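> Please work out how this folds:
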Amino acid sequence: MKFFIKVLIFFSSTLLGAQTAEKLDSLILKGITARNNKDYSLSLELLTEVNAIAEDNHLYRHQFLAINNIGANYYSMLDYGEALDNYLEAYTIAIKHLDENEEMTVLNNIAILYSKEGDLEKAEEYFTKAYELAVANEESLKIGLYALNLGIVANKLNKLDVAVSYLKDSKKRLAEHPEISILADVAMADNKFKQGDFTGAKVLAESILPHLDDSALTEEKIETLILLSDISERNNKLVLAINYAKSALASAHNPEFKISAYNQLAKVYSSQGLVEDALISKDSIIAMTEALNQIKNGRLYESNKVKFEVANYKKELQQNKVLQAIERKRLYTLLGICALIIALISWALRNSFIKNKQRKILHHRSKEIIELELQKKESDNLVLEQQLQAQEVTLQLEQEKLKNEIDARNRKLATKALQISSRNELLKDIISSLSSQVEISKNAFLSKKVKELNHLLKSDSEWENFLKHFEEVNHNFIFQLKKRHPELTANDIRYISYLYMDLTNKEISSLFNITAVASRKRKERISLKMGLTESSELYSYLSSI
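Residues are numbered from 1 along each chain as shown. All right, here's what the predicted structure looks like:
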């Protein structure tokens, strides 16, 4: 069983190396050291503190290590029930929050407990789970270790062929770790003995016995000596059997090992008929059993004492948390009050400073305003005089300009009126001359033409001719314009056509026989009708069609 404890410590130490929280790592290492020194109270106190801190901060790996090592403490104190509870709690954390490495470790620890209590079927079940996880993760070293455990349990369950398979696999995988692989040889020697291969068992046991002098391998040495004693007894070498049993007794340093050695002596003495020596060995077994029970009772008392101390420590931790929360609340309240007072003082000082600054600014501005008002009055008077003079000049210029414009418009209007009047008069003379001739009135064709001339005088066919000519020069413009803006009238389209030809406002107004202002207003009205905000945009828009 000591080997199982070694595996537990090995994996615990390996897991510790992966942690990053130095404080908790340090506490866990101190807890393990205290357990190795059998100072279980200190160890459990340190590990309980780690568990509380890790739980509060959701550091599941540290929490797992703390609970797993708490279980190891109870295991060392022979309180297997409490150890199992802690291992199961660690197993739950490993499944929920950690990877399969931690799960393997705690499964192995649970199997060790069941093996220690003699429930070999349960031990085999949990060793198998750990082994399967190691195989799934292809971790050769752990596969070898768990295979060794399964081989030892299979030997005890008399599943000898299964044990051989596991032990061979373990031996191969642990070749680079002779200090562990020798345990596979011890188990293999026991397997050969149980299969009746006494010679093979004897050769193997004798070959490994010189390598078991290390104090860490005392249990394996005693098991090997007892095995050699059994082999010698089977071979009727009773003296040699007794000597091996006595060597096992000499190597035993605790009651449990001594009980195993005395049992072997009693069995050999009985087979030789040495009843008195066998009874002495039986009496020694009884004495060692009582001593072992006393140790267990002492450990149980110590375990209960440690549990009480741990419970008190947990209570103190809880009280400290409550006190810390209260102190933290007080501190925050005090800091809040101080901050509020500082804020109020700062606010008052700021307001006072702002008011003083505002008074100075108002005084300065009032002074500036008075000076500016005086300056403004002076400048206003000066500007007023200048404006009056400018207005007089502007009025004179406008009057002169209006006069010139009126003269120019009058000249243009007169010229146009003369042109129109001359044309119409000419047409009237021609029509009157033609109508007075009897030959023409009798000629239906000529009478029709005279009527057409008369109609031409009253109609505006010039626009139709212009429109036709405009369409020929500006392909499809009128069509697109009507398509986009069907609301436009014929006069609107006529006006837009003149504008599109880049005629001036004056020229367009002359053609329409309207004033320039009316023409400009018409332009603004048409622009609004076409959705343009400014009449100045009309020409650019028309160019884009």
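> all helices for the stretch 301-450 of the chain, in order.
Here the stretch 301-450 of the chain has its helices, by DSSP state H, counting those that start in this stretch, at 438-442, 444-458.
> and those, which is most packed in?
Of all these, helix 444-458 carries the top mean neighbour count, a mean of 12, counting by mean count of other Cβ atoms under 10 Å. C-beta: built from backbone N, CA, C; applies to glycine.
> OK, contacts around the residue nearest to R173 when sequence neighbours are not counted?
Nearest non-adjacent residue to R173, counting by Cβ to Cβ, 6 or more residues apart in numbering: G144, 3.1 Å away. For G144, the contact set (Cβ atoms under 8 Å, 6 or more residues apart in numbering) comprises D169, S170, K172, R173, L174, H177, I180, S181.
> how about 6 Å then?
Contact analysis of G144 by Cβ atoms under 6 Å, 6 or more residues apart in numbering lists S170, R173, L174.
> out of the helices of the stretch 301-450 of the chain, nearest to A54?
helix 444-458 (111.6 Å; Cβ to Cβ).
> closest to V239 out of the helices of the stretch 301-450 of the chain?
Of all the helices of the stretch 301-450 of the chain, helix 444-458 comes closest under Cβ to Cβ, at 162.7 Å.
> Show the average pLDDT along that closest one.
Here helix 444-458 scores 72 as its mean pLDDT.
> Any idea how far that helix is from the middle of the chain?
Here the centre of helix 444-458 is set off from its chain's centre by 96 Å, with Cα atoms, centre = their mean, to the nearest Å.
> Put the alpha carbons of that helix into CSV.
What follows is helix 444-458, C-alpha atoms only, in CSV (Å, rounded to 0.1, in the frame of the first residue of the first chain):
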residue,chain,number,x,y,z
ALA,A,444,-61.5,80.3,-105.7
PHE,A,445,-57.9,79.4,-105.3
LEU,A,446,-56.7,83.0,-105.0
SER,A,447,-59.6,83.9,-102.6
LYS,A,448,-58.5,81.0,-100.4
LYS,A,449,-54.9,82.3,-100.3
VAL,A,450,-56.1,85.8,-99.4
LYS,A,451,-58.0,84.3,-96.5
GLU,A,452,-54.9,82.4,-95.4
LEU,A,453,-52.9,85.7,-95.5
ASN,A,454,-55.6,87.3,-93.4
HIS,A,455,-55.5,84.3,-91.0
LEU,A,456,-51.6,84.6,-90.9
LEU,A,457,-52.0,88.2,-89.8
LYS,A,458,-54.0,87.1,-86.8
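> Start at 249, not 1
Noted, 249 is the first residue going forward, which turns the last one into helix 692-706.
> which helices and strands sit right next to it?
helix 523-684 (3 or more Cβ pairs under 6 Å, 6 or more residues apart in numbering; DSSP states H and E).
> Could you pull up the mean pLDDT of the helix it packs on?
The average pLDDT for helix 523-684 rounds to 72.
> the helices in the stretch 299-448 of the chain, which residues?
Going by DSSP H, counting those that start in this stretch, the stretch 299-448 of the chain shows helices at 308-324, 328-345, 348-364, 368-384, 388-404, 408-421, 426-442, 446-456.
> now the shortest one against helix 426-442, angle please.
Helix 446-456 and helix 426-442 are oriented at 160 degrees to each other (axes from the mean of the first three to the mean of the last three Cα atoms, to 10 degrees).
> Next: the third one.
For the pair helix 348-364 and helix 426-442, the angle between their directions (the same axes, to 10 degrees) equals 40 degrees.
> Tell me which other helices or strands helix 348-364 touches.
With contacts defined as 3+ Cβ pairs under 6 Å, 6+ apart, helix 348-364 has these neighbours: helix 250-264, helix 328-345, helix 368-384.
> so which of those comes closest to H612?
helix 328-345 (71.5 Å).
> What mean pLDDT does the closest one get?
Averaged across helix 328-345, pLDDT comes to 86.
> Dump it to PDB, keeping only the CA atoms.
C-alpha atoms of helix 328-345 as PDB (Å, rounded to 0.1, in the frame of the first residue of the first chain):
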ATOM      1  CA  TYR A 328     -10.700   6.300   5.300                       C
ATOM      2  CA  GLY A 329     -14.400   7.500   5.300                       C
ATOM      3  CA  GLU A 330     -13.400  11.200   5.600                       C
ATOM      4  CA  ALA A 331     -10.700  10.600   3.000                       C
ATOM      5  CA  LEU A 332     -13.200   9.100   0.600                       C
ATOM      6  CA  ASP A 333     -15.600  12.100   1.000                       C
ATOM      7  CA  ASN A 334     -12.800  14.500   0.100                       C
ATOM      8  CA  TYR A 335     -11.600  12.400  -2.800                       C
ATOM      9  CA  LEU A 336     -15.200  12.300  -4.200                       C
ATOM     10  CA  GLU A 337     -15.500  16.100  -3.800                       C
ATOM     11  CA  ALA A 338     -12.200  16.500  -5.700                       C
ATOM     12  CA  TYR A 339     -13.500  14.100  -8.400                       C
ATOM     13  CA  THR A 340     -16.600  16.200  -8.900                       C
ATOM     14  CA  ILE A 341     -14.500  19.400  -9.300                       C
ATOM     15  CA  ALA A 342     -12.200  17.600 -11.800                       C
ATOM     16  CA  ILE A 343     -15.100  16.400 -13.900                       C
ATOM     17  CA  LYS A 344     -16.900  19.800 -14.000                       C
ATOM     18  CA  HIS A 345     -14.000  22.200 -14.300                       C
END
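> what packs against it?
Packed against helix 328-345 by the contact rule (3+ Cβ pairs under 6 Å, 6+ apart) you find helix 308-324, helix 348-364.
> Report the buried residues of it.
By 16 or more other Cβ atoms under 10 Å, the buried positions in helix 328-345 come out as Y328, E330, A331, L332, N334, Y335, E337, A338, Y339, I341, A342.
> For burial, what's the neighbour tally of K769?
13 (other Cβ atoms under 10 Å).
> which is the next helix or strand following the helix or strand where it lies?
In this structure, K769 sits in helix 764-777 according to DSSP states H and E. Following helix 764-777 in sequence order, the next helix or strand is helix 786-791 (DSSP H and E).
> Which residues does that following helix contact?
Against helix 786-791 from outside (Cβ under 6 Å, 6+ apart): Y748, S775, L780.
> Buried residues, that helix. List them.
L786.
> Quick one: mean pLDDT over that helix.
Average pLDDT, helix 786-791: 85.
> Report the distance from it to the chain centre.
59 Å.
> cool, and stretch 494-501?
The answer for stretch 494-501 is 62 Å, by Cα atoms, centre = their mean.
> Would you mind writing the CA trace of it as PDB?
Extracted in PDB, the C-alpha atoms of stretch 494-501 (Å, rounded to 0.1, in the frame of the first residue of the first chain):
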ATOM      1  CA  LYS A 494      12.600 -14.000  10.600                       C
ATOM      2  CA  SER A 495      14.300 -11.800   8.000                       C
ATOM      3  CA  ALA A 496      10.900 -10.300   7.200                       C
ATOM      4  CA  LEU A 497      10.300  -9.700  10.900                       C
ATOM      5  CA  ALA A 498      13.700  -8.100  11.300                       C
ATOM      6  CA  SER A 499      12.900  -5.700   8.400                       C
ATOM      7  CA  ALA A 500       9.400  -4.800   9.800                       C
ATOM      8  CA  HIS A 501       9.300  -1.400  11.700                       C
END
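> For L486, which of the helices of the stretch 549-698 of the chain is the nearest?
Closest to L486 of those is helix 692-706 (Cβ to Cβ; 161.2 Å).
> sorry, back to before: make CSV from the helices of the stretch 549-698 of the chain and add distance to S600 to it.
Shown next, in CSV, are the helices of the stretch 549-698 of the chain (distance: least, Cβ to Cβ, whole Å):
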stretch, distance to S600
helix 686-690, 111
helix 692-706, 92
